[in-house]
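[1] What would the 3D arrangement of this be:
(2 chains)
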There are 2 protein chains.
Amino acid sequence: MKVAKFGGSSLADANQFKKVADIIKSDAKRKFIVVSAPGKRHEHDFKITDLLIELAKSYMANEKYKSYYITITDRFSQIIDELGLDKSLYEEIKTTIDDVMVKELPDDEKLNSFKAIGEDSSAKILSAYLRKLGLKGSYVNPKDAGIMLKNDRFGAQLLPESLEQIYKLREKDGICVIPGFFGFTKNGSIATFSRGGSDITGSIIAAGVKADLYENFTDVDSVYSVNPNIVENPKEIDVLTYREMRELSYAGFSVFHDEALIPAFEAGIPVCIKNTNNPDAKGTMIVSERKNEENRVVGIASDTGFSSIYISKYLMNRELGFGRKLFQILEEEEVSFEHAPSGIDDMTVIIRDSQLTDNKEETIVRRIKEELQADTVSVHQKLALIMVVGEGMKETIGLAQTATAALGEAKVNIEMINQGSSEVSLMFGIKANDLHRAIRSLYKAFFEFENDRT
Amino acid sequence: MKVAKFGGSSLADANQFKKVADIIKSDAKRKFIVVSAPGKRHEHDFKITDLLIELAKSYMANEKYKSYYITITDRFSQIIDELGLDKSLYEEIKTTIDDVMVKELPDDEKLNSFKAIGEDSSAKILSAYLRKLGLKGSYVNPKDAGIMLKNDRFGAQLLPESLEQIYKLREKDGICVIPGFFGFTKNGSIATFSRGGSDITGSIIAAGVKADLYENFTDVDSVYSVNPNIVENPKEIDVLTYREMRELSYAGFSVFHDEALIPAFEAGIPVCIKNTNNPDAKGTMIVSERKNEENRVVGIASDTGFSSIYISKYLMNRELGFGRKLFQILEEEEVSFEHAPSGIDDMTVIIRDSQLTDNKEETIVRRIKEELQADTVSVHQKLALIMVVGEGMKETIGLAQTATAALGEAKVNIEMINQGSSEVSLMFGIKANDLHRAIRSLYKAFFEFENDRT
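    Residues are numbered from 1 along each chain as shown, chains lettered A, B, ... in the order given. Purely as a prediction, here's the structure:
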């Protein structure tokens, strides 16, 4: 039994819906289908969810909203027409939108109700289309599926009792099409995951029904070993572990919404990334453990937009509590840091630029100087991080050597090396300007001359 | 004007006192002399200070103490005899010991008074011997020198007003011989620095009198670039910066007591490490800045006796305050950590074994599991740290490459790399068993094939 999740680009228009239906039809094990809202059809198109948010905001602010309303309903109308489905489905979707508009609800709940329409409509359309093709497909509302959530400040979280409820879906006959992205709180109001949350719904359903496989259909053949915008035609990854995936996602691999993996990860369910537009491609499997010990490095991820704060104080090392006090200041300023490598009398804190407004930077530097009586505090910007990722890296002599040699060859100065904390990655900090050169050289060293390695 | 400090081995017997006197005589600028207590004459000998501590403890516990008393007084008697000094000096020292024994004092003050006798007697003997040689030498008690201290839990600390007082010593005629290691509190009781504290006295006097140079006489020709017990006849270091010295001292370079450098460092006074037994050797200079940019790596230090605590928790990275909470636990358990490299979902804390009793280890692991709800907490022992040290390392492409290649060649697995926090060092964590092999290979790469470097 498989759970298949289809992303926004897989459901962008009627033609994509047809591809999805073909995929479902081709494998009887695909019993649970989770869908996103229709995404972009081309680069300059809008995602339905973005349009719904604009509609909601305009409507709630008593501004002009009609153009959004028309664009949204037109998109659905077109898909339904082209799939040859009954006009009544269009009326149903339109009524849902109208109902949300007039219903008296608190602001955040009203916004959530707007946002949920995209996925909800996708599921209704897909299930109707499956029935048209002669398959036994039914729309299952997240409430009926058992997705019970509670709101907290990081977005909606699954209530533990949900999984048992979801398991009962197995008894349902035929194919269940479930909208992703939202669920319901105990008092019946709609709650949504953070953006990209259909991945989470898919992962939850897979965990709940104890699926053999969670297929995540998107628009790439597989996860690449390196950013294809930097290296042309990079090697595809066949098998990744959860840990490797997480390290890769951290630094620029945007295949997955990080948290999405947790339910599948905890239930030990393998995940397969596949391409709706090329379903015969093998895809990339994400599993708990990887056997192939040969390929120690599976991917090289990178991301820019980091700054570092360097702090030095003579005999810092002897000062019990220095690190804690430093972290306390960051916490009080609500700045979450990425890494904090430390020397003997110095510490460097790596922070995402998005965390560090000018104002906060100033406050933090001042507080560190004053409260910790540091000798030096300096901020360095435009830092890029590179992660060389692979299970079992920790045990391999020569990997650091290969990596540093590659960076040396590319004349890239290493600002930071961080190995040993994570067992599956080796991290480098370099100047953002050097990034492409660095990545190309690392890729060459690890993937093109693999047999030359020490 | 120079301050010269002579360590215990430089004053172990009459013959050593003669060498010291020759050194003082040979340079009229050596006006301020700071002395340690007589040290070991040979491997199985006792240091006077250790004997004084034993004497104090036995006497204060009402145990047999006479043998210590005799051994100590005999050592002084022998030195005084062999230097041909007046018997009255021996009587004076003996009376000092007797006085300390009978005087009513709080326990810690009494112990300090015992401990101070070694340095105090050295200074009295040396000044008498200088006079015998026709030099104008006088014993200056730390109280008269102006060394005012306050006790805190890390040992005695200098009161800021002392430096002004010490500056007045410049007006004194002839050579001032000042005992190291102790000073006086405002209410007149003796306070001692931590062990090795004569280096601190020397550094304080140098800062106070604004010396041109602080000479630290010991029993090695210079600071070596690597531990001579691991590599035979290693390269000597001509010039070191304070920062380099500090990083080297941290990991096994025991030439200096770390804190000893602070007063000289703050006053910007250069320090020279010299050999009492070979005063013509050039020695090693420790300065604020080093010109020679060629030699990027000046030394390789290493130390064993570390453990690491590995903590992993899925999505740790997203958790504001995780690092702070971890450090808080360590602080509450009074465990000071050395480094804390972090991955995305994991952190490793490196701790000196001396900080981590079995009991504390258990408590810390339990608290991390419970309070931070970590997925994994594991402790790894027998870790060694290696520091490759040199000013300007941060800017040199290829240094990390040379180091990792050397470790790879020696078949040493790298458990941890930490670069980028300190601007003057590159740190590796390896298994303690691999240490000698690793150090030899690094030494070869950085010092024997220096011109081959990338």
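
[2] what sits against A:Tyr242?
    Contact partners of A:Tyr242, counting by C-beta atoms under 8 Å, 6 or more residues apart in numbering or on different chains, are A:Leu261, A:Phe265, A:Ile286, A:Val287, A:Ser288. Glycine gets a C-beta too; all of them are placed from N, C-alpha and C.

[3] Any figure for the gap between the residue nearest to A:Lys87 when sequence neighbours are not counted and B:Ile48?
    The shortest distance from A:Lys87 to any non-neighbouring residue, by C-beta to C-beta, 6 or more residues apart in numbering or on different chains, is to A:Ile80 (7.4 Å). The gap separating A:Ile80 from B:Ile48 is 98 Å, by C-beta to C-beta, to the nearest Å.

[4] Give me the pLDDT value at A:Gly197.
    What the model reports as pLDDT for A:Gly197 is 85.

[5] I'd say it and A:Phe181 touch.
    Yes. At 4.5 Å, A:Gly197 and A:Phe181 qualify as touching, with contact defined as C-beta atoms under 8 Å.

[6] ok, the two, which is more surrounded?
    The residue with more neighbours, out of A:Gly197 and A:Phe181, is A:Phe181; 28 against 23, by other C-beta atoms under 10 Å in any protein chain shown.

[7] Mind listing what's buried along the helix or strand A:Glu244 falls within?
    Here A:Glu244, judged by DSSP states H and E, is contained in helix A:242-250. Buried positions in helix A:242-250, judged by neighbour count with 16 or more other C-beta atoms under 10 Å in any protein chain shown: A:Tyr242, A:Arg243, A:Glu244, A:Met245, A:Arg246, A:Glu247, A:Leu248, A:Ser249, A:Tyr250.

[8] Check stretch A:180-190 too.
    Neighbour-count burial for stretch A:180-190, counted by 16+ other C-beta under 10 Å, picks out A:Gly180, A:Phe181, A:Phe182, A:Gly183, A:Phe184, A:Thr185, A:Ser189, A:Ile190.

[9] do the same with stretch A:224-237
    For stretch A:224-237, by 16+ other C-beta under 10 Å, it's A:Tyr224, A:Ser225, A:Val226, A:Asn227, A:Ile230, A:Val231, A:Pro234, A:Lys235, A:Ile237.

[10] Would you mind measuring the gap between the ends of it?
    6 Å (C-alpha to C-alpha, to the nearest Å).

[11] neighbouring contacts of that stretch?
    Outside stretch A:224-237, the residues within contact range by C-beta under 8 Å, 6+ apart are A:221-223, A:252-253, A:282, A:284, A:298-302, A:435-436, A:439-440, A:442-443, A:447.

[12] let's see 6 Å
    Stretch A:224-237 has contacts (C-beta atoms under 6 Å, 6 or more residues apart in numbering or on different chains) with A:Ser222, A:Val223, A:Thr284, A:Val298, A:Gly299, A:Ile300, A:His436, A:Ile439, A:Arg440, A:Tyr443, A:Phe447.

[13] Next step: these restricted to strands.
    Among the contacts of stretch A:224-237, the residues falling in strands (DSSP state E) are A:Thr284, A:Gly299, A:Ile300.

[14] Nearest residue to A:Gln355 in space, please, no chain neighbours.
    Among residues not flanking A:Gln355 along the chain, A:Val335 sits closest, at 4.9 Å (C-beta to C-beta, 6+ apart).

[15] what's the burial count for A:Glu161?
    Neighbours around A:Glu161, by other C-beta under 10 Å: 10.

[16] In space, what's closest to it - neighbours in sequence excluded?
    Using C-beta to C-beta, 6+ apart, the nearest residue to A:Glu161 is A:Met148, at 6.7 Å.

[17] Could you give the backbone dihedrals for the one you found?
    In terms of degrees, to the nearest 10, the main-chain angles of A:Met148 are phi -100, psi 130.

[18] One more: A:Cys176?
    phi -100, psi 120.

[19] Bridge partners for it, pull those for me.
    A:Phe32, A:Ser138 (DSSP bridges).

[20] Closest residue of the stretch 101-250 of chain A to chain B?
    A:Tyr250 (4.7 Å; C-beta to the nearest C-beta).

[21] Might you report the residue contacts of the residue nearest to that residue when sequence neighbours are not counted?
    Setting aside the residues directly before and after it, A:Tyr250 is nearest to B:Ile344 in space (C-beta to C-beta, 6+ apart), at 4.7 Å. Counting by C-beta under 6 Å, 6+ apart, B:Ile344 makes contact with A:Glu247, A:Tyr250, B:Asn317.

[22] need the residues of the stretch 201-350 of chain A near chain B, please.
    Residues of the stretch 201-350 of chain A lying close to chain B (C-beta under 6 Å from any C-beta of the partner chain) are A:247, A:250, A:320-321, A:323-324, A:327-328, A:331, A:336, A:339, A:341-344, A:346-348.

[23] Try it again at 8 Å.
    For the stretch 201-350 of chain A, the residues in contact with chain B (C-beta under 8 Å from any C-beta of the partner chain) are A:243, A:246-247, A:250, A:258-259, A:262, A:265, A:308, A:310, A:314-315, A:317-318, A:320-321, A:323-324, A:327-328, A:330-331, A:334, A:336-348.

[24] Which among those count as buried?
    For those, buried by 16+ other C-beta under 10 Å: A:243, A:246-247, A:250, A:258-259, A:262, A:265, A:308, A:310, A:314-315, A:317, A:321, A:323-324, A:327-328, A:330-331, A:336-348.

[25] hey, where'd the helices end up in chain A?
    Using DSSP state H, the helices of chain A run over residues A:14-25, A:48-60, A:66-82, A:87-102, A:107-132, A:142-145, A:162-167, A:198-208, A:242-250, A:261-267, A:322-332, A:358-372, A:399-409, A:435-443.

[26] so of those, which one's packed in deepest?
    Ranked by mean neighbour count under mean count of other C-beta atoms under 10 Å in any protein chain shown, the helices of chain A are led by helix A:198-208, which reaches a mean of 29.

[27] so what secondary structure elements neighbour that helix?
    Judged by 3 or more C-beta pairs under 8 Å, 6 or more residues apart in numbering or on different chains; DSSP states H and E, the packing partners of helix A:198-208 are strand A:2-6, strand A:30-35, helix A:162-167, strand A:175-179, strand A:213-218, helix A:261-267.
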